[in-house]
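Trainee: sequence below, structure please.
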Amino acid sequence: MQVQRFWIEQAFKEAKIELGMAHYEVRGWKGWHHQMALVCLAQLFTVRERLAALPDVPMLSARDLVELLSHYLPRRPRDEAEVFRQMNLRHERRTQARISHAGRKGNSSNTT
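Mentor: Next comes the predicted model:
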């Protein structure tokens with residue numbers, strides 16, 4: 001029983017540190033369940049990859065896989081203008097969300 005408990009605790013530790021289980025910032029159950037489902041899928045992916053690589057790389061960890069993915073997955077290069085364009089777009093969406101939320105509550109004076 002102790003051996004099984006060790007591996008379960010290792011899986012939770014790995015999920016919290018490497019896969020984002022401890023980094024959720026949600027307000028409701030739906031968001032929390034969404035985050036936990038994504039963490040479980042990421043954990044399943046890392047376990048399958050580790051099992052597939054076991055003969056060649058027996059010490060492969062979730063951290064190793066995260067670093068490999070961050071290196072090999074393609075990223076679109078962004079210049080300064082693109083960063084500011086995306087930031088302004090996010091600010092516009094937040095402003096619209098605040099206006100919409102205030103309108104649903106019935107008081108439009110709370111839009112600042």
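
Trainee: distance of the residue most central in space within the chain from residue 34?
Mentor: Ranked by distance to the mean C-alpha position of the chain (C-alpha atoms, centre = their mean), the top residue is residue 20 at 5.6 Å. For residue 20, the distance to residue 34 (C-beta to C-beta, to the nearest Å) stands at 12 Å. Placement of C-beta: from N, CA and C, glycine included.

Trainee: how is this structure divided into domains?
Mentor: The chain breaks down by automatic domain parsing into domains covering 1-75, 78-112.

Trainee: pLDDT on the first one, on average?
Mentor: Along domain 1-75, the predicted local confidence has a mean pLDDT of 88.

Trainee: same question, the shortest one
Mentor: Confidence for domain 78-112, expressed as mean pLDDT, is 81.

Trainee: before we move on, back to that, tell me which of the domains of the chain sits most buried.
Mentor: Neighbour counts (mean count of other C-beta atoms under 10 Å) averaged over each of the domains of the chain peak at domain 1-75, with a mean of 12.

Trainee: thought residue 40 was touching the residue nearest to the centre of the chain, still the case?
Mentor: No - with contact defined as C-beta atoms under 8 Å, residue 20 and residue 40 do not form a contacting pair (11.1 Å).
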